[in-house]
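**Student:** What follows is a predicted protein model with its sequence.
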Amino acid sequence: MTDAPVTPLVSRSHERGITTLTLDSPHNRNALCARLVAELHRALADAAADDATRAVVLTHTGGTFCAGADLSEATSGTAKDGPLGLARLLRTLVELPLPVVARVTGHVRAGGLGLLGACDISAAGPEATFAFTEARLGLAPAVISLPLLPRLDPRAAARYYLTGETFRAAEAARIGLVTLAAEDVDAGLAPVLDGLRKGSPQGLAASKQLVTAEVLAAFDRDTDALAERSAQLFGSAEAREGMTAFLERRAPSWAR
């Protein structure tokens, strides 16, 4: 008797020079569980090795692009690589010699915003919403700051990091979180993807290196310290209360 095939959490397709990677784990809102992260690493490596690919589109099924860390893994102690694993994934996106374009038509929370920060171009539709929810859980957006803070408006980062407010695509574009807000995401991305299809592999890679230099400098300088800080927060009693309260759909003990 053979084992049933495992349904991938990241599906792949290719059309006219564009490889699309779709986060396909709607049961947990495309949370960054260990298996999804591992599959995304493999898919990105395969795309980079494909001579027919000029760019990668990162998108999603369901109503959520990415909910951030898998809190079930975090609270059960089954998360394998933790903050350093997330940092490696974000750096992989930034260092990939191909442009990475995010296509967002749903909600993005916490660590999912780090994926947007690591992408080179991103488009969000009218159903997209965004929130840095970490402070409400006893955490902080530590590791995801590596690609985000070099790109975000500083005053907006302070507001949304601290308050956890939800905001929409137009505001996300204003503060630098996404590249463009569009009523029709695919129509908005059409000229972007057409432009990328015309780029040479060398030209695209070299141009990307120019615009990601500041972000990579932040990774070189701060990865270890921010990953350690994040691990300390995840291991704290306050964060355990915050994550447990979230999973139990109740207010944490400190809420007023």
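**Tutor:** Cool, got the structure.
**Student:** which residues in this protein form helices?
**Tutor:** Here the chain has its helices, by DSSP state H, at 34-48, 71-76, 82-95, 111-118, 145-148, 154-163, 169-174, 185-197, 201-234, 237-247.
**Student:** Kindly reformat the ones you listed as JSON lines and extend each row with mean pLDDT and mean neighbour count.
**Tutor:** For every residue, glycine as well, the C-beta is placed using N, CA and C. JSON lines is the format used below for the helices of the chain (pLDDT from 0 to 100; neighbours: other CB atoms under 10 Å):
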{"stretch": "helix 34-48", "mean pLDDT": "97", "mean neighbour count": "18"}
{"stretch": "helix 71-76", "mean pLDDT": "79", "mean neighbour count": "17"}
{"stretch": "helix 82-95", "mean pLDDT": "96", "mean neighbour count": "20"}
{"stretch": "helix 111-118", "mean pLDDT": "97", "mean neighbour count": "27"}
{"stretch": "helix 145-148", "mean pLDDT": "98", "mean neighbour count": "24"}
{"stretch": "helix 154-163", "mean pLDDT": "98", "mean neighbour count": "14"}
{"stretch": "helix 169-174", "mean pLDDT": "98", "mean neighbour count": "18"}
{"stretch": "helix 185-197", "mean pLDDT": "98", "mean neighbour count": "15"}
{"stretch": "helix 201-234", "mean pLDDT": "97", "mean neighbour count": "15"}
{"stretch": "helix 237-247", "mean pLDDT": "95", "mean neighbour count": "16"}
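**Student:** Could you save the ones you listed as TSV and add columns showing distance to I18?
**Tutor:** Listed next are these as TSV, based on distance: least, CB to CB, whole Å:
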stretch	distance to I18
helix 34-48	10
helix 71-76	32
helix 82-95	16
helix 111-118	18
helix 145-148	22
helix 154-163	31
helix 169-174	22
helix 185-197	6
helix 201-234	12
helix 237-247	36
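**Student:** Compare those and report which one is nearest to V57.
**Tutor:** helix 185-197 (7.5 Å; CB to CB).
**Student:** how about stretch 16-24 as PDB, C-alpha atoms only?
**Tutor:** Presented in PDB, the C-alpha positions along stretch 16-24 are these (Å, rounded to 0.1, in the frame of the first residue of the first chain):
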ATOM      1  CA  ARG A  16       5.600  33.700 -21.300                       C
ATOM      2  CA  GLY A  17       8.700  34.100 -19.100                       C
ATOM      3  CA  ILE A  18       6.800  34.500 -15.800                       C
ATOM      4  CA  THR A  19       6.800  31.800 -13.200                       C
ATOM      5  CA  THR A  20       3.900  32.100 -10.800                       C
ATOM      6  CA  LEU A  21       4.300  30.700  -7.300                       C
ATOM      7  CA  THR A  22       1.000  30.400  -5.400                       C
ATOM      8  CA  LEU A  23       0.800  30.100  -1.700                       C
ATOM      9  CA  ASP A  24      -1.900  27.400  -1.400                       C
END
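**Student:** what does that stretch contact?
**Tutor:** 8-14, 30, 36, 40, 43-44, 47, 50, 52-61, 65-66, 193, 196-197 (CB atoms under 8 Å, 6 or more residues apart in numbering).
**Student:** buried ones in it?
**Tutor:** Using 16 or more other CB atoms under 10 Å as the test for burial, stretch 16-24 gives 17-24.
**Student:** Likewise for stretch 46-63?
**Tutor:** Here stretch 46-63 shows 47-48, 53-60, 62 as buried, counting by 16+ other CB under 10 Å.
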